[in-house]
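*Asks:* sequence unavailable; structure follows:
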């Protein structure tokens, strides 16, 4: 076995180990976590903070966040998936009958790299660099981690797909943040968010997770 085959073997083994541990509660929980519409309150709260803190200059930070997510999504889905052509575990013939799928959701044909992981990590990192508040950074990082994990749980991504997406999202966030520092450095120097303001997205995250937990129990 060459190195690539060894990595694929390890990746598949880790995927099966994670995907094999499931329950009705976590089926509902991870499916809801993976739904992008679930997190509209989070995104809205982040936009609210940016507009409240930066006012007219907020447009540059909002544009940076949008570009970060667009770059992350397009590079992972539009470029890498078309180049690498790695089948998702949910479509792999050699894993038929071994993959736990939730609600028959199997995703598209190819999985590397994960756009969910890329988008979540990119958004989390760039917004953390902008806000510079520990409580927000810890909370949004946990959110990105759970979002990425949900894709393995649901059987639509291998761990290396997630890692690849995380790398894409990280690079996109760093490039966008560098662009702000390079072309609009005064935006980052002149504003320091109050703790009471920075905690709003954290509250939105907690409330969203509570709703997901209740939904997962009663469904």
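*Replies:* Cool, the structure landed. Predicted, not measured: the structure shown is a model, and the values here were computed from it.

*Asks:* which secondary element of the chain has the worst mean pLDDT?
*Replies:* Comparing helices and strands within the chain by mean pLDDT, DSSP states H and E singles out helix 195-198 as the least confident, with a mean of 74.

*Asks:* pull the contacting residues for residue 16.
*Replies:* Going by C-beta atoms under 8 Å, 6 or more residues apart in numbering, residue 16 touches 95, 98. Glycine gets a C-beta too; all of them are placed from N, C-alpha and C.

*Asks:* kindly report the same for residue 39.
*Replies:* Applying C-beta under 8 Å, 6+ apart to residue 39 gives the contacts 143, 208.

*Asks:* that one - that's part of a helix, no?
*Replies:* Yes. Under DSSP: H, G, I helix; E, B strand; the rest coil, residue 39 falls within a helix.

*Asks:* that one and residue 33, how far apart?
*Replies:* 9 Å (C-beta to C-beta, to the nearest Å).

*Asks:* likewise for residue 141?
*Replies:* In terms of C-beta to C-beta, residue 141 sits 15 Å off from residue 33.

*Asks:* report the central residue of the chain.
*Replies:* Nearest to the centroid of the C-alpha atoms of the chain, with distances taken as C-alpha atoms, centre = their mean, sits residue 120, at 2.2 Å.

*Asks:* which strands or helices does the lengthiest helix in the chain pack on?
*Replies:* In the chain, taking DSSP state H as the definition, the longest helix is helix 159-183. Counting by 3 or more C-beta pairs under 8 Å, 6 or more residues apart in numbering; DSSP states H and E, the packing neighbours recorded for helix 159-183 are helix 3-19, helix 58-73, helix 115-131, helix 134-153, helix 185-189.

*Asks:* if you set the cut-off to 6 Å instead, what comes out?
*Replies:* Contacts defined by 3 or more C-beta pairs under 6 Å, 6 or more residues apart in numbering; DSSP states H and E place helix 159-183 against helix 3-19, helix 58-73, helix 115-131.
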